[in-house]
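J.: Got a predicted structure here, sequence first:
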Amino acid sequence: MGELFVENQYRNPDGNPYLWDLLLLEKVRTEANIDLFLNTEILQVSMHDEHTVAAVTGFVQGSETQLTFRSDYFIDCTGDGLIAFNAGAEFHLGREARATFGESLAPEVADQKLLGSSIFFYTKDVGHAVKFTKPFFARDITKTEIVKSRVIKKDDNGCAYWWIEWGGDHDVVHDNESIRDELQAAVFGIWDYIKNSGKYDADNLTLEWVGSVVGKREYRRFLGDYMLCQQDIEEQTDFKDKVAFGGWSIDIHPSSGMYTKEAGTEDSVPDGLYHIPLRSLYSRNIHNLFLAGRDISVSHVAFGSTRVMATCAIGGQAAGLAAAFAFSRQIQAGDIYREHLTEFQSLMLREDSSILGLSVPDPADLAQQAVVTASQVLTQINTYSEDSLPYPLEKPVAFTFPVNPRIHGLDLMVNTELGGNLSVSFYQTGKGQNYIPEELLKTITVPVVAGTHDWVTIPFEWQPDHPLNIFVVVSGEPGLALMVSAHEYQGVLSFINEPVGELKQPKLHHFVRTSPILEWTNQKFNRHNFVFRVADTEAFAAGNLTNGYLRPFAGPNMWVAPFRGEPEDVTLTWSAAQQIQEIRLTLNDDVNEDLINLHHHRTDFPVIPELLKDFTVDYLTDTGWQTIETIQGNRQRHLILRLPTAITTKALRVRALTTNGSEQFSLVEIRAYATIQNLTKGVNGHERV
């Protein structure tokens, strides 16, 4: 998903859904090992035996062609689980009883109720008055609970109307057509209310698009060797076989949908990202069948989180790699967990998979044996910039930064004419993937004299058992202000105290579990930082390039150096010459940046500023450094350099020349291999009938 979002940001900054579709199509067609069959509906599944799928047969709409696909392994990404169902995979439909997994959000008695389906619509201002005559089947929403229990705004579009939902009390597959009819009747009824009730200034608005395909939320969930449940999300269970993560809250909708008096959702919010285990991504009784998307092995309650599309896609990458891994060894899906887990997780990290807090050695990676050095390393944190401006402390503010190995005093840039007391509270953040104030370490109050426009020292010392992030909350008396820099800084996030809008919408959201992440927002303060400084940090050392961590976890896990207008080098050195034919680089694409321009906002820059733009990859010869490749205008995170023939060298370096706008050079990982790294060898096939 990161690769897709970053490229979409470059090509499609305004979030045009047609251009997004084009990008997805091109990405698939670019992959040499993918054959794409659009408009092909699977109708039949053939089995070798009761535990093994042999083939699936589909009909290609429009060309009157039937295709049979034969393979050793299959992945069901159909949403409704059509292949898994016809293969006889064990599944559950509806809500489990509370006692089944001990889930507080589950009903006392199991039932067949589901999340409903939705249809969206888009509007357009055409600059002149447009009338709307409702069709005879449009629902009169004034006779429903919609006008009382939901929020209708004339300028809302698309996903803002996620609550146009119905069908959870029905069979959302077999009743799909009648559900679609009811949803469309509701859409036209809502639009009639907006246009003709006299309550909205909507004269110049017209309907630009109304969906005709139902967006299903839930149907069959297939049983794997583990079922993810409510507690795993809320407690962020750290699975041995974690292969993906999710970040959406548990978001359960009433089965009766838009016609209920209940809130549109029941939300339980974890304190950060949670892990998804490999055992939830394959069928427990069909041995060559993997699962991806909304049909994976989770309870109904946990499904309220895992069902969203970015999480489905991350699980899809894991399932795809798992299928390739099983194919290359001709083993059953469950054998990966039982016998090959470390090897498989090592493969996933090599492929830059989205796993948090996992470092697994790769014996083939020559970089693991090298000494890593850098021409420059950031050894202190100082977010000051010359264009910093004062930010009045009308409400508490906060920031996080990595503590590695200790903190020995913190300086804040304070601006005040009147003076007053400044209160600074230091918190542990708990789990490595969390950025919240969890456990108070100490609160220090410091008097600030009138006329201060300078650094103020907060005398706080602390050395944790291991590197982690710390969360600092600052409040002050009226007249006190901190300085704010309009620049990003690696490993640092700043927050303002502003509860998310959903907390203010009780008609739509009922929160059964909240978290500080709902109160401290970074997104509305993104790429700005309160000015502070901390001396003597090792959080940005060059050794991070081979520590195995691909994402921030209890620290940035990357090499960082100030960009001074000159090249900076990171170098791998071996005691003996190495044969190298493949080099893998993972760059910093700022995984904190929200790039969902298809839905709720526009990000101004086309390329992530932290990505290295121009750089060279060089190797050392007897006559000096030789360039393997010069990369210019880069906008990608994960680069794989495959050489026609292997080189022999004792040293490899990346020379960073420019960024895409960041004032710091940064790099996440370097890997080097003696041979080309391929996932699998072998061919699956299809035949035309």
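T.: Sure thing, it's come through.
J.: ok, the spatially closest residue to H599 that is not a sequence neighbour - contacts?
T.: Using C-beta to C-beta, 6 or more residues apart in numbering and skipping the chain neighbours, the partner closest in space to H599 is C159 (5.1 Å). (C-beta placed from N, C-alpha, C; glycine too.) Contact analysis of C159 by C-beta atoms under 8 Å, 6 or more residues apart in numbering lists F120, H599, H600.
J.: quick one, phi/psi of the first one?
T.: Its backbone dihedrals place F120 at phi -100, psi 170, with angles given as degrees, to the nearest 10.
J.: doesn't W163 make contact with it?
T.: No: assessed by C-beta atoms under 8 Å, F120 is found out of contact with W163, at 11.0 Å.
J.: beta partners of I458?
T.: L410 (DSSP bridges).
J.: Sorry, slip of the keys, the one I care about is F399.
T.: Applying DSSP bridges, one finds that F399 bridges with V472, S494.
J.: residues near it, how many?
T.: When neighbours are counted by other C-beta atoms under 10 Å, F399 registers 24.
J.: do R635 as well
T.: Other residues close to R635 by other C-beta under 10 Å number 18.
J.: Could you find the closest non-adjacent residue to it?
T.: Per C-beta to C-beta, 6+ apart, closest to R635 is V607, 4.5 Å.
J.: so who does Y619 touch?
T.: Neighbour list for Y619: I580, W625, Q626, I628, I647, T649, A651, L652, R653 [criterion: C-beta under 8 Å, 6+ apart].
J.: what comes up buried for stretch 454-472?
T.: V456, I458, F460, P464, P467, L468, N469, I470, F471, V472 (16 or more other C-beta atoms under 10 Å).
J.: Out of these, the closest to T65 would be?
T.: For these, the minimum distance to T65 (C-beta to C-beta) is 55.4 Å, reached by N469.
J.: Using PDB, list the CA coordinates for stretch 146-159.
T.: C-alpha atoms of stretch 146-159 as PDB (Å, rounded to 0.1, in the frame of the first residue of the first chain):
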ATOM      1  CA  ILE A 146     -32.300   9.200   9.200                       C
ATOM      2  CA  VAL A 147     -33.100  12.800   9.800                       C
ATOM      3  CA  LYS A 148     -32.900  12.300  13.600                       C
ATOM      4  CA  SER A 149     -30.000   9.900  13.900                       C
ATOM      5  CA  ARG A 150     -27.600  10.800  11.100                       C
ATOM      6  CA  VAL A 151     -25.700  13.900   9.900                       C
ATOM      7  CA  ILE A 152     -26.600  15.200   6.500                       C
ATOM      8  CA  LYS A 153     -24.500  18.000   4.900                       C
ATOM      9  CA  LYS A 154     -25.000  19.300   1.400                       C
ATOM     10  CA  ASP A 155     -21.300  19.400   0.600                       C
ATOM     11  CA  ASP A 156     -20.500  15.900   1.800                       C
ATOM     12  CA  ASN A 157     -19.600  13.300  -0.800                       C
ATOM     13  CA  GLY A 158     -18.600   9.700  -1.100                       C
ATOM     14  CA  CYS A 159     -17.200   8.100   2.000                       C
END
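J.: SS state for C312?
T.: At C312 the chain is in helix, as set by DSSP: H, G, I helix; E, B strand; the rest coil.
J.: That one contacts T306, correct?
T.: Yes: C312 is within contact range of T306, at 7.3 Å (criterion: C-beta under 8 Å).
J.: so what's in contact with the two at the same time?
T.: R294.
J.: the more surrounded of these two?
T.: Neighbour count, other C-beta under 10 Å: between C312 and T306, T306 has more, with 26 against 20.
J.: Would you mind measuring from the more buried one to I458?
T.: With distances taken as C-beta to C-beta, to the nearest Å, T306 is found 41 Å from I458.
J.: cool, and T40?
T.: Taken as C-beta to C-beta, the span from T40 to I458 is 63 Å.
J.: related to what we said a few turns ago, for F120 and W163, indicate the residue with more neighbours.
T.: The neighbour comparison of F120 against W163 (other C-beta under 10 Å) goes to W163, with 20 against 17.
J.: That one touches I152, doesn't it?
T.: No: in this structure W163 lies outside contact range of I152 using C-beta under 8 Å: 9.7 Å.
J.: can you list the domains in the protein?
T.: Listed by automatic domain parsing, the domain ranges of the chain are 37-112+218-350, 117-210, 366-376+558-673, 381-504+511-534.
J.: Tell me which of these approaches N12 most closely.
T.: domain 366-376+558-673 (7.2 Å).
J.: The helix or strand hosting A99 packs against which elements?
T.: In this assignment (DSSP states H and E), A99 forms part of helix 98-101. Identification of packing neighbours for helix 98-101 by 3 or more C-beta pairs under 8 Å, 6 or more residues apart in numbering; DSSP states H and E yields no helix or strand.
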